[in-house]
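**Student:** no FASTA, just this:
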């Protein structure tokens with residue numbers, strides 16, 4: 001049972017309707033998360049903008065997946081873990097990496113492990129990270145811009161993870177084969 005309304009294109013506020021139509025074109029269906037966000041056109045627009053901007057960062061597909069799924073798993077998001085598993089498959093991210101993220105196992109490379117570690121530090125410590133922790137991250141091959149980009153990814157995931165917790169968002173049928181619980 002949801003505790004927030006899942007809008008259709010027809011039931012959504014007028015300002016949300018064009019964005020929901022874009023979602024249908026992009027996903028071949030209307031994701032339940034977008035249907036919930038549609039109650040506030042500004043929330044839906046903000047989420048979509050952050051998603052698009054995060055995909056334009058300097059991270060490659062594996063790194064985007066590490067940031068997204070690390071946060072999703074840490075937050076225990078029943079909806080976003082399966083959704084981002086499907087997205088990772090579509091982005092040709094290896095099943096080995098995807099399963100390691102879902103099951104909180106070590107990353108397949110030291111660089112991806114450093115990215116996951118920094119993402120967890122930022123998420124768990126609300127942005128409080130020591131100089132030594134930053135130095136370790138930079139030593140793995142990352143730069144200041146990557147710290148900032150992790151924070152943008154976190155902003156996007158806070159929106160979706162928290163809305164899914166409050167809304168008890170049902171997992172969409174295309175993502176159901178990737179169902180997950182913490």
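**Tutor:** Good, I have the coordinates. As the structure is a prediction and not an experimental result, all values here were calculated from the model.

**Student:** I'd guessed residue 62 sits against residue 93; true?
**Tutor:** Yes: judged on Cβ atoms under 8 Å, residue 62 makes contact with residue 93 at a distance of 5.6 Å. C-beta coordinates here come from the backbone N, C-alpha and C atoms, glycine included.

**Student:** element containing the most centrally placed residue in the chain?
**Tutor:** Residue closest to the mean C-alpha point of the chain, counted by Cα atoms, centre = their mean, is residue 68 at 3.9 Å. Per DSSP states H and E: residue 68 is located in helix 61-75.

**Student:** quick revisit: give me every residue that touches the closest residue to the residue nearest to the centre of the chain other than its chain neighbours.
**Tutor:** Using Cβ to Cβ, 6 or more residues apart in numbering and skipping the chain neighbours, the partner closest in space to residue 68 is residue 84 (5.0 Å). If you count contacts by Cβ atoms under 8 Å, 6 or more residues apart in numbering, residue 84 has them with 65, 68-69, 72.

**Student:** list the buried ones in whatever helix or strand residue 84 lives in?
**Tutor:** Here residue 84 sits within helix 80-90, counting by DSSP H and E. For helix 80-90, burial by neighbour count (16 or more other Cβ atoms under 10 Å) applies to 80-88.

**Student:** Stretch 67-78 now?
**Tutor:** Those buried within stretch 67-78 under the rule 16+ other Cβ under 10 Å are 67-75, 77-78.

**Student:** chain center to that stretch, what's the gap?
**Tutor:** 7 Å (Cα atoms, centre = their mean, to the nearest Å).

**Student:** same thing with stretch 18-34?
**Tutor:** That offset, for stretch 18-34, works out to 16 Å (Cα atoms, centre = their mean).

**Student:** Over to stretch 115-132?
**Tutor:** Computed by Cα atoms, centre = their mean, the chain-centroid distance of stretch 115-132 equals 17 Å.

**Student:** Same question for stretch 175-182.
**Tutor:** 14 Å.

**Student:** List the contacts of that stretch.
**Tutor:** For stretch 175-182, the surrounding residues in contact (Cβ under 8 Å, 6+ apart) are 73, 76, 78-79, 81-83, 85-86, 102, 171.

**Student:** Just list the residues touching the residue nearest to the centre of the chain, thanks.
**Tutor:** By Cβ under 8 Å, 6+ apart, the neighbours of residue 68 are 80, 84, 87, 153, 157.

**Student:** and which of these is nearest to residue 137?
**Tutor:** Proximity of the contacts of residue 68 to residue 137 (Cβ to Cβ) peaks at residue 153, which lies at 14.6 Å.

**Student:** pLDDT score assigned to the residue nearest to residue 140 when sequence neighbours are not counted?
**Tutor:** In space, and not counting its chain neighbours, residue 140 is closest to residue 114: 3.3 Å by Cβ to Cβ, 6+ apart. Residue 114 carries a pLDDT value of 98.
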